[in-house]
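Participant: Sequence and predicted structure, then a few things I'm wondering about:
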Amino acid sequence: MNIIPSQYPPHQIKETKRHYTREQTSGPEIQFREICMDNARMLWYSYMADKEYHMPMQLQGERVEMHFKLRGRSGVSYEGERYVMHSNEQSLFYQHDLVGEYILYPGQENTFFEVELPRSVFESLVTTDCPFLQQFSDQLQTPRSHLWPGHSMAITPQMHMIITEMSNNAYTGQMKRLFLEAKLIELFLLQANGFDQHTPHTANLRPADIERLHAARHYLEQHFMDDCSIFSLASQVGINQKKLKQGFKALFGYTVFGLLSHIRMEKARQLLLDEKKTVGEVSELVGYQHPQHFAAAFKRKYNILPGSLKN
């Protein structure tokens, strides 16, 4: 099933992997993977910045972008506006002939996944059954250079699973195209439905509280191996325990321990896939005393046992 009729040879799919050096980027080394079809472009990026970089951005043409910030923090700046996305956040963007800059912040490894859709493909998926999509589409009828919902949302565990499946599957040729299209539509529906149902609950949080909550999340990302309590985390960032628990869930869509578990599992998946470590080694590295407890948590998260990733 093609989302829209193809202008290219049917079932065309092209996959590319690249490594950009510091000399090529005038910034950090970047690992880049791209899958192109006639109706969508999927991209995975990974990099580690040693300092803050401001890199030129020039986007030609018209597109709708589904963006998923998996780890780290980065931003874009154009037309006097700046958008920053943090680890485990996702949003939807419309962009048309934009000139600006990418902002890469130092710290942990940065990874993100995005899907670029031609506007015609996006419009073919709009339905009046989803007020968010209808409103987004209506706003595009007035010529503009960019549009976004005005906020980011947390990447749900189901979204993470779909992104993992899109990155790691054994299909080839037309079967791979059909699989990717099905997963792309599933991911798009989850994103649209999330924005459609989302009611911001952060109005009662002061800017200082939001800053402390982001500091709490950053602390968890850097100390995910350590035992952590609500009391110790609240003391670490200077916020009371009630506001930490309620504000964390409202701002990030996860409980404190829900996010800590997610960080550990994502790190574990990276160690298993990229560094080929044993299950026992990974269990210890992500803070589990017993490998069987780690294996059970990993299966709950990804619906597979960690040892199967090493086959």
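Facilitator: Arrived safely, thanks for sending.
Participant: in this structure, what spans have low per-residue confidence?
Facilitator: Residue ranges of the chain with pLDDT under 70: 1-11, 199-204, 253, 310-311.
Participant: what about the strands in it?
Facilitator: Taking DSSP state E, the strands of the chain run over residues 13-20, 30-37, 40-47, 53-71, 73-78, 81-86, 89-104, 110-118, 146-147, 153-154.
Participant: As TSV, the ones you listed with mean neighbour count and distance to residue 259 would be great.
Facilitator: The C-beta positions use only the backbone N, C-alpha and C, and glycine is treated the same way. Below are those laid out as TSV (neighbours: other C-beta atoms under 10 Å; distance: least, C-beta to C-beta, whole Å):
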stretch	mean neighbour count	distance to residue 259
strand 13-20	11	30
strand 30-37	17	25
strand 40-47	19	21
strand 53-71	17	12
strand 73-78	18	15
strand 81-86	15	11
strand 89-104	19	12
strand 110-118	21	16
strand 146-147	16	29
strand 153-154	20	9
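Participant: Name all residues that make contact with residue 21.
Facilitator: The contact partners of residue 21, by C-beta atoms under 8 Å, 6 or more residues apart in numbering, come to residue 29.
Participant: same question, residue 220
Facilitator: Contacts of residue 220 by C-beta under 8 Å, 6+ apart are 228, 233, 256, 259, 260, 263.
Participant: The residues you listed, buried ones only, as a ChimeraX selection?
Facilitator: The buried subset of the contacts of residue 220, as determined by 16 or more other C-beta atoms under 10 Å, is captured in ChimeraX by this line:
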select :228,233,256,259,260,263
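Participant: hmm, which two among the contacts of residue 220 are most spread apart?
Facilitator: 233 and 263 (13.2 Å; C-beta to C-beta).
Participant: just checking, which of the contacts of residue 220 belong to helices?
Facilitator: If you go by DSSP state H, these have 233, 256, 259, 260, 263 in helices.
Participant: what's the closest of these to residue 37?
Facilitator: residue 263 (32.0 Å).
Participant: any idea how far residue 25 is from the closest one?
Facilitator: Per C-beta to C-beta, to the nearest Å, residue 263 is found 27 Å from residue 25.
Participant: for the stretch 101-250 of the chain, what spans make up the helices?
Facilitator: If DSSP state H, counting those that start in this stretch is used as the criterion, the helices of the stretch 101-250 of the chain fall at 119-125, 131-139, 157-167, 173-197, 207-222, 230-237, 241-252.
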